[in-house]
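In: Got a predicted model here, sequence first, then my questions.
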Amino acid sequence: MYLYFVLFYCFVFNISAQENNVNSSYAQIFASGWQKAITFISENRRWMEDECLTYGIDYKTAVSVIFPELVRYSILRDKIEITLLKALYTNKGDEYANFSVGVFQIKPTCAETVIDNVDKLKNPAFKTWFRKQHADLRDYGLRKAIVDELEDPGNEFIYVLAIIRFLDKTYKDHRWTDGIEKIRFYAAAYNGGFSNTEAWIRQQMEAKTFHTGIVKPKECYCYADIAADFFAGFSGSQGNIQKGNPANFKSFNIINSYK
Amino acid sequence: MKHIKSFGLAFMLVIFIVSGANAQLGKMLNKVKNKIVDKAIGNENQSGNQASEPDCASDDAVVAFEFDKGYTVDMNEISVTIKNGDILLYARNTSNYFIKRADSDSPEGPFSENDPEVRAFENHEAEVNPENSQAYAVSYPGIIFRTGDKYEIKLDGQTYGPFAVIQTFVINLSKTKFVAAVTPDVLFTENEQKQMQNAENKTQTEQMAMAMQMAQKMQQRMAGGATDIQQKIVSNIEGVSQDMMYNATLSSEIKFDDIVWVGFDKITDLFGNTLLNIDHSRMNVQNGNFWLSSDNKSWATFSYGQLTFSDGKILKDLFAPYRAYENGKPSLVYMYFSPKHNAIMKVAIPF
C-alpha cells in the first residue's frame, strides 16, 4: 500500500510539473513548429542575410517579423491545399480568393499593394527588381506572376524586405521605446496589413488572432508577441551553412526528413 | 496604315514620358503606351490576359460547380471546403450554407454554420488525430458508444467491448469492416486521470488524501485479478493479424473501401499479406493522399496540386482528389478549375 501511495504521489507531482512548463513560452506552445522554424532560419541564413544587405534591411528585424509565419507554415504545410485558390485568384481576381502563399505566407493582395507602392520605397534596387519581374504584365499575367513569385522563397523574401523598407520609410521619424516595441509594431503591420493606419496597426499589436490549426481554435495568440519573443531570444549565432544564393534555399521538406 | 498610326502615337508617348513628366502621369501613360504597342504588334496576349485550361483538363470532365450562379465555394485561408466530392457553398446574400453533393445536380440547403451537415466538413482534424476515446465516440456516432467509464463498438447488430480505451478505430467507407486497437481495462479511468491532473490546484493535504484514495483503488484493481491492461486488436473480420499492431498503423484511406496495415517498408492486407513494397524515394504513404488501386497493381499520390501515378504519369493543377464508385467502377476522382467553363470540373479515372 505504501509503495502504491509513493508511486501515485510522484505521478501527481510529475503531471503538475509538466503542466507548469507547457505554457512557459511560445517555444513550448508551438514545440516542433518552433524548432522547425529555427532550423529553417539557420539553414537559409546566408542568402537571406545577403539579400538584406543588398536592399539595406536589418536582418534581425526581417527574420523576427516573419518568424511566426514560419512556425505556422511548418505546422500546416502538409495540410495546405491552395490549388483552387490559386486558380481562382489568377483567373478571377482577389474578390474570389485571397490567401497566404509560400513559406513567408504573404497574400497576393498584399503583394499587389507592395507593387503599387514600389516608388514610395525610394530605393533603386527594389524598383529595378519589381520592374524587371512585372514588365508589361497585367490582369491574369500579373496575378499569375505574383503567385509564382510568392511560391518561390527567394522572390517572396524580396516582398518581405519591401514591406520592411516601406515601414522604415513611413515611420523613420518615430521614436520607439525600445527594439521590442519596434518589432511588435512591424510584426503587427506585416501580419495585418502594412499599409494600414498607425492606429490600426497598434490595435493589431494586441490582437490574439494567430493560430496554427485548419479551423480556428478556442485559444489564439498574439502575432506581435511571438515575433518579439523570438527577437528577444535571437542569438545571431544561427549557423552559416549556405552560400548567399536563394537557389540554395533549404525547404521544410528537408527539415522534415530529419524527423 | 492603322499600325503606322499606332506606332506614331506610341513613339510620341515614349518621348513625353522620357522628357520628365511627373511619376503618376508617367505611370498612367506607360500603361496606355503598353496597350497600344501590344495591339500594334499583334501581341495582345503576351501579358497573359487569356487563361488556358490546366494540364489535367479532360474531355470526359463533368461540371461539378459553376461559378457566378449565386453561390461561392466556402473556403478559408488555406483550403477549400470540399470533402469526398461534396462541396460546401456559401450564399453571400443570405449568409446561408448549401451543400452540392457529388452525386446530385442541385445544392441542398440552406444550412446555418452550426448545423451538423456543415460541421461534418470540419471534423477532419478529429478524425486524423483523436485525443482520446471520446473523440472517436464523437466522430463515429451510432458505432462507438460510451457506457459508464468505458466504450462499446456496435456494428451490424454485434457489440464489441466494453473497452476502457480505444487507441485506434478504423472503418471502411461502406462501414462493413472495422479494426480497432483497444485496451479492455486501465488502472485509472479517464475521469480519474482528469482528477489527478487537476490535483495541482488543491492543497497539499487534499493531494495526499487523493493519492491515498487512488492508491487504494489501484491496489484493489490489481488484487482483483480481472484487470486486462493489454492492448489488443478487435475487428469484425476473422483472422486480423495481431502482430502487425506493433509494426504498422491501420488505414482506410489507401485502398478503396478496405482497410490495410501500413508498415515502414510495406503495405499489407489485414492478414499480413504484402500488397505493396514501399519505395520511400517515390512514395509518401503517410500524407493521407496515397492510394493503391483495387487490383493492387498501381498506386497514385497527390501533393501540392500534382497527382503522380506509379507508371510515371503526372497530372498538374488539380485538387481535392478522393476515391469513389463512378460509373459502377472504383475510381480515383479529382477536380480542377476550368476558365473555359468558369466552373469546377470533375474527372473520374478507373483505379
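Out: Looks like it came in fine.

In: C-alpha from now on. contacts and neighbour counts both.
Out: Will do.

In: Now name the helix or strand holding residue 162.
Out: Chain wasn't specified; assuming chain A. helix A:153-170 (DSSP states H and E).

In: let's do chain B instead
Out: strand B:158-163.

In: Only the buried residues of that strand, if you could.
Out: B:161-163 (16 or more other Cα atoms under 10 Å in any protein chain shown).

In: Would you mind putting the residues you listed into a markdown table with pLDDT alongside?
Out: A markdown table is the format used below for those (pLDDT from 0 to 100):
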| residue | pLDDT |
| --- | --- |
| B:Gly161 | 85 |
| B:Pro162 | 92 |
| B:Phe163 | 92 |
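
In: returning to that earlier point: identify the residues contacting the helix holding A:Ala162?
Out: The set of residues external to helix A:153-170 that reach it, using Cα atoms under 8 Å, 6 or more residues apart in numbering or on different chains, is A:48, A:51-52, A:55, A:57, A:62, A:66, A:102-104, A:106, A:111, A:114, A:118, A:120-121, A:126, A:149-150, A:186, A:190, A:194, A:246-247, A:249.

In: quick one: A:Phe99 from A:Ala111, how far?
Out: 11 Å (Cα to Cα, to the nearest Å).

In: oh, I was asking about A:Ala187
Out: When A:Ala187 is compared with A:Ala111 (using Cα to Cα), they lie 16 Å apart.

In: So what's the residue count around residue 174?
Out: Here I'm looking at chain A. Close neighbours of A:His174, defined as other Cα atoms under 10 Å in any protein chain shown, add up to 9.

In: not what I meant, chain B
Out: For B:Ser174, using other Cα under 10 Å, the count is 9.

In: can you map out the strands along the stretch 101-250 of chain B?
Out: Assignment of strands within the stretch 101-250 of chain B using DSSP state E, counting those that start in this stretch yields the ranges B:108-111, B:144-147, B:150-155, B:158-163, B:165-171, B:178-183, B:232-235, B:248-251.

In: looking at those strands, which is closest to chain A?
Out: Ranking those by proximity to chain A (Cα to the nearest Cα) places strand B:248-251 first, at 17.7 Å.

In: From the rest of the structure, what touches the closest one?
Out: Strand B:248-251 has contacts (Cα under 8 Å, 6+ apart) with B:170, B:179, B:259-264.

In: Columns distance to B:Gln193 on top of the buried residues of strand B:158-163, output as CSV?
Out: Output for the buried residues of strand B:158-163, formatted as CSV (distance: Cα to Cα, whole Å):
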residue, distance to B:Gln193
B:Gly161, 21
B:Pro162, 19
B:Phe163, 16
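
In: hang on, the earlier thing: on contacts alone, who are the packing partners of the strand holding B:Pro162?
Out: Applying 3 or more Cα pairs under 8 Å, 6 or more residues apart in numbering or on different chains; DSSP states H and E, we find strand B:158-163 packed against strand B:150-155.

In: C-alpha coordinates for the strand it packs on, PDB please?
Out: What follows is strand B:150-155, C-alpha atoms only, in PDB (Å, rounded to 0.1, in the frame of the first residue of the first chain):
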ATOM      1  CA  LYS B 150     -16.000   2.500 -20.900                       C
ATOM      2  CA  TYR B 151     -16.700   2.400 -24.600                       C
ATOM      3  CA  GLU B 152     -18.500  -0.200 -26.800                       C
ATOM      4  CA  ILE B 153     -18.300  -0.700 -30.600                       C
ATOM      5  CA  LYS B 154     -21.600  -1.700 -32.300                       C
ATOM      6  CA  LEU B 155     -21.700  -2.800 -35.900                       C
END
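
In: who does that strand touch, helix- and strand-wise?
Out: strand B:144-147, strand B:158-163, strand B:165-171.

In: And B:Ser58, which helix or strand is it part of?
Out: Going by DSSP H and E, B:Ser58 is not part of any helix or strand.

In: For it, which non-adjacent residue is closest in space?
Out: B:Val347 (7.0 Å; Cα to Cα, 6 or more residues apart in numbering or on different chains).

In: a helix runs through the one you found, doesn't it?
Out: No. In this structure, B:Val347 is strand, not part of a helix, as judged by DSSP: H, G, I helix; E, B strand; the rest coil.

In: Give me the number of neighbouring residues for it.
Out: Based on other Cα under 10 Å, the number of other residues close to B:Val347 is 22.

In: now swap in B:Glu238 and tell me
Out: Around B:Glu238 there are 9 residues (other Cα under 10 Å).

In: Please look at B:Ile82 and B:Pro321 and confirm they touch.
Out: No. Applying Cα atoms under 8 Å as the test, B:Ile82 and B:Pro321 come out as separate, 9.5 Å apart.

In: that older thread, can you redo the helices and strands packed on strand B:150-155 as a markdown table, where the extra columns are distance to A:Ile158?
Out: Below are the helices and strands packed on strand B:150-155 laid out as a markdown table (distance: least, Cα to Cα, whole Å):
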| stretch | distance to A:Ile158 |
| --- | --- |
| strand B:144-147 | 52 |
| strand B:158-163 | 56 |
| strand B:165-171 | 46 |
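
In: isn't A:Asp94 right up against A:Lys107?
Out: No. Using Cα under 8 Å, A:Asp94 makes no contact with A:Lys107, being 9.7 Å away.
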